[in-house]
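fold the following.
(2 chains)
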Amino acid sequence: MNVEHRPAVPTNVLIVGVGGQGVIMVSKVLASLCQQAGLEVKQSEVHGMAKRGGSVFSHVRFGETVLSPMIAHGEADIMVALEWAEGLRWLDYLKRDGGTFIADTQQIVPPVSFRNRRRGARSGYAPATPAEVIDLVGNGFALDATRMAAGLGNERVANTVLLGALSTALPFPREGWLGVLDGLVPPKTTEVNRRAFDAGREWVQNFDRPAEQAAAAVAVPVSGDGLDHRLEITEAWCKGCDICVKMCPERCLTLNARHIVELTDPAACTACRLCEWLCPDFAIRVLTASAPAPALAK
Amino acid sequence: MQPQLETAGRVGAMSASAQRPLTGNEAIARGAWEAGVRVAAAYPGTPSTEILESLAEYPATDLHAQWSTNEKVALDVAIGASFAGVRALAAMKHVGLNVASDALMSQTYIGVNGGLVLIVCDDPGIHSSQNEQDTRLFCRLAMVPCFEPADAQEALELTRLAFEVSERFDTPVIVRSTTRLSHTRSLVRLGERREPEAVGFRNTPQKNVMIPSHARARHPLLIEREAALRAFVATTEHTRWERRSRQIGIITAGTPYAYVREVLPEASVLKLAASYPLPLDLIGEFCRSVERVLIVEELEPAMEMEIRASGVAVDGKAYFPRVGEFTPDVVREGLERAGLLAPRQAPPSFGLTAPVRPPVLCAGCPHTMSYMALRALNARVAGDIGCYTLAAIEPLRSIDTCVSMGSSIANAVGIAKAGTETKPIVATIGDSTFLHAGIPPLIDAVYNGANITVIILDNHITAMTGGQEHPGTGRTLRGEPANRIDFEQMVRACGVKWVRRVDSYDVAEMYQAFREAAGFKGVAVVISDRPCVLDPVRIKGPPLAVSLDGCTACQSCMNLGCPAIGWSDEMFDGHHKVRINAQLCIGCTLCAQICPSDCIRPTA
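A predicted model of the protein is given here:
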């Protein structure tokens, strides 16, 4: 899967992931290696929100001469995704003809994907499976690098597994990669990083099977959208304690002037039943079509 | 020839005449060090933060580097050092210059004794800021030269040159960077440090003391200085006239230069070392040498307006956007609109989508409970600048305003004085932001008898920018011990009668304290006290786990927005039970304290 090496035209490698996964480490190894080979390199990244679990990218461009530090859309020769959905997010940067896609199938699902409280809601995470995506991009490799790294005893070296996979796509010798890697990782982790690198490299070299399935795709049966529901509030039992108002995820309840709870934003209510379960006086019942009577805990 | 490389060791230990991969920020620091800078000060702000962090890696015997409480203080410290006759630097992000601008507007009249350089980093595209203002307009207002490096090598050289220009033309100099330059790493040739002889304080009150009679005499000198600087910008080697096509010429400066070269390699280019003041004679000559001229500049048409005003017909913003960050794609599209490139078919999309991934408060972030409690208080919350601004979005969604550093407290005073608000009025402000610009408005609130609650979110660090020290941490930029501010004493000294320090991880105490504070008539201050989970040390306690037998899928814990809490595959009554990611969980116990069915426990 060697990328055609034409020194006059820079080679573009886009590395993406989630804050804290080691995107910058991967791009630093690559950039140092290119510099040792006497090539010009530019490496551009986002900082700032990176620590806060946001999306992180690093552009690495190398060749005889490199002008722009940024890769244009559809111009990445290789894309390395340390997290599955991040791979999909940046996929349109990949060259349509001959671009190489390398991704960890590991999913880091952002909290906002679990925001929906309706019955039977699906997580908002990427629906495309690795097999579908590899089919689509042609030259793609989806490996469970995180599980491979965990198997080596340190989940945090998943980025090095992917670095090993990346190494097969570029014309630098294995020893060169390992030399740079040794200099950039903490001495205590040199050995596990070397093994992770080789594991990723060998995975691609022995590649003859379809993409691995993601470890834990969140598939959820849909059982009614919960729209057909109403709240039954027994005013006489409500003592205005405010617990339901404070805890309602959608903020659709308020206390009225008489300190009795009221559903003031029925459109926002998802029938999540939190108010029903938290009410110490059983003053709220959530009646839905699929569960007309309040569910009782066993 | 193979460049000589150094891959190990700190920047401060790098030998001269070597080449090293440096970010723009590291190159700026190197340039300042080579220029013999003696005093450097800054307040952290993305994307400028690493400049001072990098300077602090050079020997303390070479220079004093410090975090200041805010950008104006940093600039005033640098000005003081300049008065004392040594080279001095202040670094800040674009909005930091707003804070420092009062000093700058006077200092431009005063000029310098030792060279005085401001590094100002703009954030086109608003990666991590509250706006994308263009520093070049500030340079024109202050009549100080605006150097615009196009890459890391130029960042080093122009910063070094800025000190010479500052002394030669008796002016502060601004070196303007952008996020892209500051955070792009490329190979840089290093030089030696040459520290000029310190000249000592010069007793020239007509120049150093800005009273009306002195200032009136100084203003005409600024206009003479502007003319001299125009001539300098025309002749410096960093202004380059690259003769190619006779049909099309591009005038540009800074990072867009690389995009122009990449996308339209045949164009003649006038790459300016500075975007203010403009070498109008040279520009006129360039324009006459080609049939058509375009100005390619990010954000405002700063150069375009001045060149047009000088009577030269050029175009720019007719084709290029005034908002957002430039990329090769943006420059290409502009050149296509201008008819200089054939419209390129957009690369076909794979048509896949990914979930939005907004930044979130970390697992165990001590800010989380403050906003859960505020949510329960149903308060009107004036927010401020810091990680905690993330509480403005779901699921915490409990910040109503966010303006600028330190605005929260005075905004709350205004909301209270307007008399229209029925909810309790609360200002939330981080420890570093409070020290930056929160103390004067707190005094104002007490002085004017405002009925507000102020929550100081004390996480013992400047967290948002990656964990920098400040006077509340008791350590300096170089990690040496320093006086540590006692927030409680300081707040009392401002005249606040109701002060309470609470543990940010104690849910009941937080609810109780917030309710009592909101009930107090006058200014009440709650100090919500817990260290940041990332800095200065990464906190990791025993993780919690959900007992799936007891979980009723109420998802109350998910109201916290903790990234360690997600859905499990098990369901209860059509809803997902929850699962805690043991890798991410730091054991803060907030979810366990909130869980109504008491099914979240520490793992054995």
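
going by C-alpha atoms from here, please, whenever you check contacts or count neighbours.
Will do.

next, count neighbours for A:S27.
A:S27 has 24 neighbours, counted by other Cα atoms under 10 Å in any protein chain shown.

sorry, that was for B:T61
B:T61, neighbours per other Cα under 10 Å, totals 7.

and it, helix, strand or coil?
Here B:T61 is recorded as coil under DSSP: H, G, I helix; E, B strand; the rest coil.

can stretch A:62-80 be said to contact chain B?
Yes - Stretch A:62-80 reaches chain B (Cα under 8 Å from any Cα of the partner chain) through A:L67, A:S68, A:P69, A:M70, A:I71, A:A72, A:H73, A:G74.

just the ones in helices from those, please.
In helices, defined here by DSSP state H, there are no members of the residues of stretch A:62-80 next to chain B.

most neighbours among those residues, which one?
The residue in these with the most neighbours, by other Cα under 10 Å, is A:P69 (28 neighbours).

what pairs with the nearest residue to that one once chain neighbours are set aside across the strands?
Counting by Cα to Cα, 6 or more residues apart in numbering or on different chains, A:P69 lies nearest to A:K42, which is 5.3 Å off, once chain neighbours are set aside. Listed beta-bridge partners, A:K42: A:R61, B:S186 (assigned using DSSP bridges).

just the pLDDT for residue 160.
Going with chain A. Note on A:T160: pLDDT of 96.

look at chain B instead
98.

residues near A:P280, how many?
A:P280: 15 neighbours (other Cα under 10 Å).

from A:M247, how far off is it?
From A:P280 over to A:M247 the distance is 13 Å, taken as Cα to Cα, to the nearest Å.

can I see the domain layout of chain B?
Using automatic domain parsing, the domain ranges for chain B come out as B:11-196+B:206-235, B:240-337, B:367-529, B:544-602.

just say which of the ones you listed is most tucked in.
domain B:11-196+B:206-235 (a mean of 22; mean count of other Cα atoms under 10 Å in any protein chain shown).

how far does it sit from the chain's center?
Centroid separation for domain B:11-196+B:206-235 versus its chain: 15 Å, with Cα atoms, centre = their mean, to the nearest Å.

so which of the residues of stretch A:62-80 next to chain B comes closest to B:A60?
Ranked by distance to B:A60 (Cα to Cα), these are led by A:P69 at 33.5 Å.

show me which residues of the stretch 251-400 of chain B sit near chain A.
Going by Cα under 8 Å from any Cα, the residues of the stretch 251-400 of chain B near chain A are B:258-259, B:261-262, B:327-329, B:347-350, B:352-362, B:375-377, B:394-395.

how about the helices in the stretch 101-250 of chain A?
Listed in chain order, the helices of the stretch 101-250 of chain A (DSSP state H, counting those that start in this stretch) span A:130-137, A:145-151, A:158-167, A:174-184, A:190-205, A:243-247.

I should have written the stretch 401-550 of chain B there, sorry.
B:407-418, B:431-437, B:439-447, B:487-493, B:507-519.

looking at those helices, which is nearest to A:G138?
helix B:431-437 (50.3 Å).

can I get the host helix or strand of B:K72 as PDB, trimmed to CA atoms?
Element membership for B:K72, per DSSP states H and E: helix B:71-83. Only the C-alpha atoms of helix B:71-83 are listed here, as PDB (Å, rounded to 0.1, in the frame of the first residue of the first chain):
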ATOM      1  CA  GLU B  71      -2.300  41.600  30.000                       C
ATOM      2  CA  LYS B  72      -2.300  45.200  31.000                       C
ATOM      3  CA  VAL B  73      -0.100  44.300  34.000                       C
ATOM      4  CA  ALA B  74       2.100  42.300  31.700                       C
ATOM      5  CA  LEU B  75       2.600  45.200  29.300                       C
ATOM      6  CA  ASP B  76       3.200  47.600  32.100                       C
ATOM      7  CA  VAL B  77       5.900  45.400  33.500                       C
ATOM      8  CA  ALA B  78       7.500  45.200  30.000                       C
ATOM      9  CA  ILE B  79       7.200  49.000  29.700                       C
ATOM     10  CA  GLY B  80       8.900  49.400  33.100                       C
ATOM     11  CA  ALA B  81      11.800  47.200  31.900                       C
ATOM     12  CA  SER B  82      12.000  49.200  28.700                       C
ATOM     13  CA  PHE B  83      12.200  52.400  30.800                       C
END
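
what is that helix packed up against?
Helix B:71-83 sits against strand B:39-42, strand B:88-93, helix B:94-110, strand B:116-122, with contacts defined as 3 or more Cα pairs under 8 Å, 6 or more residues apart in numbering or on different chains; DSSP states H and E.

redo these as TSV? Include mean pLDDT and distance to chain A.
Below are those laid out as TSV (pLDDT from 0 to 100; distance: least, Cα to the nearest Cα, whole Å):
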stretch	mean pLDDT	distance to chain A
strand B:39-42	98	17
strand B:88-93	98	12
helix B:94-110	98	15
strand B:116-122	98	13
